[in-house]
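Undergrad: what follows is a predicted protein model with its sequence.
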Amino acid sequence: MVHRTIALVTLFVASAAIAQPTSSITGWWRTSLSHAGETQDIWLHIQDRDGKLIASFSNPEIGIKDTPLSRVTDNSQSVDFTSIGWTLRKESDGTLTGVIPDALVPVYALPARFARSTEPAQVAPPSPDKAPPTPVWSRDVGSAVYGGLAFDAAHKFVVVAADSGKVTALRASDGTPAWSIDAEAPIRATPVVGAGAVYVPTDKALFKLDAATGKRKWSASIGEGKTQRLELNDPNSRWDHYSSSAVVAGTAVYVGSRDGCVYRFNIASGARLGTYCAADMVTATPVVDGKRLYFASFDKNVYAADVASGKVLWKRDMHGEVPRDLALAGGKILVGSRSYDLTALDARTGAPSWNRYYWFSWVDSPPNVVGSTAYVGASDSLRVYAFDVGSGRKRWESRVPGWTWAKPAVGKTAIYASIAGTATPYVGPRAGGFAAIDRATGRLRWLLPSEKPEKVPVYGFASAPVVADGIVYAADLTGRVLAFKDE
């Protein structure tokens, strides 16, 4: 994700103080990058602004247009991008060559040859096939909803956990509240329903609630977070929007914590049975498979541990933070990381089975695996993808106008994606909304745009929707819960 680097170097650009004469390197430059069997074009634009050389960056595929990147020094043999410590060599054929810096592409050393170019054409915004439908019902729960929605099939409730700490069960038929409780701490995790109970992690504790009434059965501490969650427009933000959900397996329930550990509790009493710790916070929901626990961390590693002993069986460095949920499918652990990679690891050994590269984008969406297909959102890619679980082959991609951090929901013939946007300065426009995508082809069927507020870091839909009994339920960052007919 290029947002942090560009935000920082913009300060350098604004404060550039050394004037230079007009240079022969001014104008547009393009290179075609190749990695993992795919290519993408990017552009540099070098301009003389009052005697100062300034470079900006463009990538039409992800909506970045002429965004300030660095001050520039034009030397006899090279072009130096001083704000980010990057140098391109001047070649005899007039091109500029070098390796893309970590500021733009982490982990991988991608060679580039920039040639003179015209200004890039902008990619048209996504165009849905039809207008969005009218909701079956709508209900306000009073606070932003980040954690996904859960469906209680036994009671026909939609369970909503809000950022305020309020947990509400809405009747699926009309959205009227059935019960509500205050968990007294922010909730950024998706509730889990099972065996007459609802499991809800807050930032501080795991709650077991009676599914019919919301009455607390027990609660257990999950520690204090290693860092405070900050808004994304704060330069120190770690973009840690979410928390781990609970996983029920046998007689135990597991949950990751912002203190860096996964906790195992007795499902009946809430007594702590074990802890499994990483070096940084665990916001990704783990996977439990028999005697093994798989979990990931902001320390950039995925771990496989023996449930009984806690012994780490293998550890895999993903070269980027892993903030979102793991998925188990076909003997593989699917992992999205901030190295721009979606990777399938062999569950037995941790060895990579396949890898898909997201150009200039963190993979901050949990995969939703149905049959042989994994449906995954993105961050700056402005896409929702469908991949074959066995091979990693891309089946389709669908353009959307904003960040698709939340786990997509799978309906009869449609994929439903929550889309978040921002009303604060960013490298390119990001618009919030809710979308239905054709499950077979990836065509954008309809898009419900969110109203853009003033100066809000995140708006739109950031929580995972849920499909049940022919209805798809979604919640936005104003606290609205909406119900639509499944397609």
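TA: Yep, that arrived. Numbering: from 1, shown residues only.

Undergrad: so where is the stretch 301-450 of the chain shaky, pLDDT-wise?
TA: Applying pLDDT under 70 to the stretch 301-450 of the chain flags no residue at all.

Undergrad: quick check: phi and psi at the residue lying closest to residue 458 once chain neighbours are set aside.
TA: Nearest non-adjacent residue to residue 458, counting by C-beta to C-beta, 6 or more residues apart in numbering: residue 420, 5.4 Å away. Any C-beta I mention is one placed from the backbone N, CA and C, and that applies to glycine too. Per-residue torsions, residue 420: phi -100, psi 150 (degrees, to the nearest 10).

Undergrad: from what I see, residue 420 and residue 401 are in contact.
TA: No: counting by C-beta atoms under 8 Å, residue 420 stays clear of residue 401, with 10.2 Å between them.

Undergrad: got any residues that touch both of the two?
TA: Common contact partners of residue 420 and residue 401 (C-beta atoms under 8 Å, 6 or more residues apart in numbering): residue 430.

Undergrad: higher neighbour count, the two?
TA: residue 420 (28 against 22; other C-beta atoms under 10 Å).

Undergrad: residues touching the more buried one, list them.
TA: Residues near residue 420 by C-beta under 8 Å, 6+ apart: 402-406, 430, 432, 458-462, 477.

Undergrad: restricted to helices, list these.
TA: Secondary structure assignment by DSSP state H places none of the contacts of residue 420 in helices.

Undergrad: of all those residues, which comes closest to residue 358?
TA: residue 404 (11.3 Å; C-beta to C-beta).

Undergrad: any idea how far the closest one is from residue 238?
TA: Distance, residue 404 to residue 238, using C-beta to C-beta, to the nearest Å: 19 Å.

Undergrad: the two: which is more packed in?
TA: residue 404 (27 against 18).

Undergrad: now that one, nearest residue through space, not along the chain?
TA: residue 377 (3.0 Å).

Undergrad: pull the number of nearby residues for the one you found.
TA: With other C-beta under 10 Å as criterion, residue 377 counts 30.

Undergrad: list the contacts of it.
TA: So residue 377 contacts 364, 365, 383, 384, 385, 403, 404, 405, 406, 407, 408, 417 (C-beta under 8 Å, 6+ apart).

Undergrad: hmm, try it at 7 Å
TA: 365, 384, 404, 405, 406, 408, 417 (C-beta atoms under 7 Å, 6 or more residues apart in numbering).

Undergrad: I'd say the second one and residue 408 touch.
TA: Yes: Residue 384 is within contact range of residue 408, at 6.1 Å (criterion: C-beta atoms under 7 Å).

Undergrad: quick check: neighbours shared by the two?
TA: Common contact partners of residue 384 and residue 408 (C-beta under 7 Å, 6+ apart): 375, 377, 415, 417.

Undergrad: so where is the stretch 1-150 of the chain shaky, pLDDT-wise?
TA: For the stretch 1-150 of the chain, the ranges with pLDDT under 70 are 1-23.

Undergrad: so which residues of it form strands?
TA: Assigned by DSSP state E, counting those that start in this stretch, the stretch 1-150 of the chain shows strands spanning 27-35, 38-49, 52-59, 64-74, 78-81, 86-90, 96-99, 111-117, 137-140, 150-152.

Undergrad: could I get the ones you listed as JSON lines with mean neighbour count and distance to residue 275?
TA: Shown next, in JSON lines, are the strands of the stretch 1-150 of the chain (neighbours: other C-beta atoms under 10 Å; distance: least, C-beta to C-beta, whole Å):
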{"stretch": "strand 27-35", "mean neighbour count": "17", "distance to residue 275": "38"}
{"stretch": "strand 38-49", "mean neighbour count": "17", "distance to residue 275": "40"}
{"stretch": "strand 52-59", "mean neighbour count": "22", "distance to residue 275": "42"}
{"stretch": "strand 64-74", "mean neighbour count": "21", "distance to residue 275": "42"}
{"stretch": "strand 78-81", "mean neighbour count": "19", "distance to residue 275": "46"}
{"stretch": "strand 86-90", "mean neighbour count": "18", "distance to residue 275": "43"}
{"stretch": "strand 96-99", "mean neighbour count": "17", "distance to residue 275": "42"}
{"stretch": "strand 111-117", "mean neighbour count": "16", "distance to residue 275": "45"}
{"stretch": "strand 137-140", "mean neighbour count": "15", "distance to residue 275": "38"}
{"stretch": "strand 150-152", "mean neighbour count": "21", "distance to residue 275": "25"}
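
Undergrad: burial count for the nearest residue to residue 133 once chain neighbours are set aside?
TA: Nearest residue to residue 133, sequence neighbours excluded (C-beta to C-beta, 6+ apart): residue 484, at 5.6 Å. A count of neighbours around residue 484, defined by other C-beta under 10 Å, yields 24.

Undergrad: Three-state assignment for residue 484, please.
TA: Under DSSP: H, G, I helix; E, B strand; the rest coil, the three-state class of residue 484 is strand.

Undergrad: and the pLDDT for it?
TA: For residue 484, the pLDDT comes out at 98.

Undergrad: ok, so what distance separates it from residue 445?
TA: According to C-beta to C-beta, residue 484 and residue 445 sit 11 Å apart.

Undergrad: repeat that for residue 460.
TA: Distance from residue 460 to residue 445, by C-beta to C-beta: 18 Å.

Undergrad: now swap in residue 110 and tell me
TA: Per C-beta to C-beta, residue 110 is found 35 Å from residue 445.

Undergrad: of the two, who's got more company?
TA: Higher neighbour count among residue 110 and residue 445: residue 445, with 21 against 16, using other C-beta under 10 Å.
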